[in-house]
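Asks: Okay, sequence plus prediction incoming.
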Amino acid sequence: MGGYYRWVNDADFERGLAEAPGFEDEAAIARFLDRLWLERGLSQNTQASYRSDLALFARWLQPRGGSLPAAGEADIKQYLAARRLKARSQARLLSALRQFYRHLHADRQRPDDPTARLESPKLGLRLPKTLGEADVEKLLEAPDVETELGLRDRAMLELMYASGLRVSELVQLPLPRLDLRQGVVQVLGKGGKERLVPMGEPAVEWVGRYIDGARKTLQEGQASDWLFITRRGGPMTRQNFWMLIKRYAQQAGIQATLSPHGLRHAFATHLLEHGADLRILQSLLGHADLSTTQIYTHVAKARLRELHRRHHPRG
């Protein structure tokens, strides 16, 4: 076995490969991603994920005298064994490899597809963790709105919960896409698809207060098109916003583990629990496929069963 098999976890493995010399397959990966973007309009996050997965495999092949375009089925199996990934991460990696080798095969750059006989791991239904309405209220009320940053954070939390935005959509939202008079926000979602989402009166009020007060202070006279900005006047990162949510959840005494999309999940689940139509929810969330939205019906049913068990005398 090669030297890279010594890595005991995924983080160590990726760090070890990152320290390896540059690899020769960067151009092949770039051409593949350009082709995929033109054909399918992949989001930046998906492109970055594919690039990372393919680059790590290419770096692993290099000291073994192999290359990404020429890799065979045995190489891929060895690499998967070396990574020892969890089922969902392995499925993501295989998806990137399949797309890449199908692209090469279709372009007649190689006669076969080395992933053709490889099976993806079976994944169970993963239900998103979500907050109850009481916990959402506690989270929304956690920021200190007497401070500029606290007011900004309250506005962000209110808008995310009211409109079901993805974290990336929230932190990269330009100010001109907001219409407080109409109470709507124009969102540029995955694949460059636009959708118009209502904000609700509380979110309109808090975002308006932030724009009229804290945002002007944070700008310090510097021009910025981003709605939510840091002290430096630039947009917040997804990682920074996730750290804020974790901090406010601890501050509010919320026991549930929050995911980066916790408020988006709560938005969807609470709408369904209050009778929203699944097709309307699909449009609000910006899902291309209704099957993606249907996961929330399972969440809503599971929570209703739990409520029945806890509160009904014969539950």
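Replies: Structure received. Keep in mind it's a predicted model, so treat the numbers as computed, not measured.

Asks: Output the below-cut-off pLDDT ranges for the stretch 101-250 of the chain.
Replies: 123-129 (pLDDT under 70).

Asks: and the strand or helix carrying Gln250, C-alpha only, in PDB?
Replies: Element membership for Gln250 (DSSP states H and E) is helix 238-251. What follows is helix 238-251, C-alpha atoms only, in PDB (Å, rounded to 0.1, in the frame of the first residue of the first chain):
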ATOM      1  CA  ARG A 238     -21.400  31.600   5.100                       C
ATOM      2  CA  GLN A 239     -18.900  30.300   7.800                       C
ATOM      3  CA  ASN A 240     -19.200  33.600   9.800                       C
ATOM      4  CA  PHE A 241     -23.000  33.500   9.700                       C
ATOM      5  CA  TRP A 242     -23.000  29.800  10.800                       C
ATOM      6  CA  MET A 243     -20.800  30.800  13.800                       C
ATOM      7  CA  LEU A 244     -23.200  33.500  14.700                       C
ATOM      8  CA  ILE A 245     -26.200  31.100  14.700                       C
ATOM      9  CA  LYS A 246     -24.300  28.700  16.900                       C
ATOM     10  CA  ARG A 247     -23.400  31.500  19.300                       C
ATOM     11  CA  TYR A 248     -27.000  32.800  19.500                       C
ATOM     12  CA  ALA A 249     -28.400  29.200  19.900                       C
ATOM     13  CA  GLN A 250     -26.100  28.700  22.900                       C
ATOM     14  CA  GLN A 251     -27.000  32.100  24.200                       C
END
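
Asks: Does anything pack onto it? Which helices or strands?
Replies: Applying 3 or more CB pairs under 8 Å, 6 or more residues apart in numbering; DSSP states H and E, one finds that helix 238-251 contacts helix 133-140, helix 148-163, helix 167-171. For glycine as for every other residue, the C-beta is placed from the backbone atoms N, C-alpha and C.

Asks: can you put those in TSV and add mean neighbour count and distance to Trp60?
Replies: Formatted as TSV, the helices and strands packed on helix 238-251 follow (neighbours: other CB atoms under 10 Å; distance: least, CB to CB, whole Å):
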stretch	mean neighbour count	distance to Trp60
helix 133-140	16	42
helix 148-163	23	38
helix 167-171	21	29
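
Asks: Ser67: which of the ones you listed is closest?
Replies: helix 167-171 (33.0 Å; CB to CB).

Asks: Relative to the following helix or strand past that closest one, what are the paired strands and their orientations?
Replies: Downstream of helix 167-171, the first helix or strand assigned by DSSP H and E is strand 178-179. If you go by DSSP bridges, strand 178-179 pairs up with strand 184-188 (antiparallel).

Asks: Show me what counts as buried in the strand it pairs with.
Replies: 184-185, 187-188 (16 or more other CB atoms under 10 Å).

Asks: With stretch 180-196 instead?
Replies: Applying 16+ other CB under 10 Å to stretch 180-196 flags 184-185, 187-190, 195 as buried.

Asks: ok, back up a step: can you add distance to Ser259 and give the buried residues of strand 184-188 back as a markdown table?
Replies: A markdown table is the format used below for the buried residues of strand 184-188 (distance: CB to CB, whole Å):
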| residue | distance to Ser259 |
| --- | --- |
| Val184 | 26 |
| Val185 | 22 |
| Val187 | 20 |
| Leu188 | 22 |
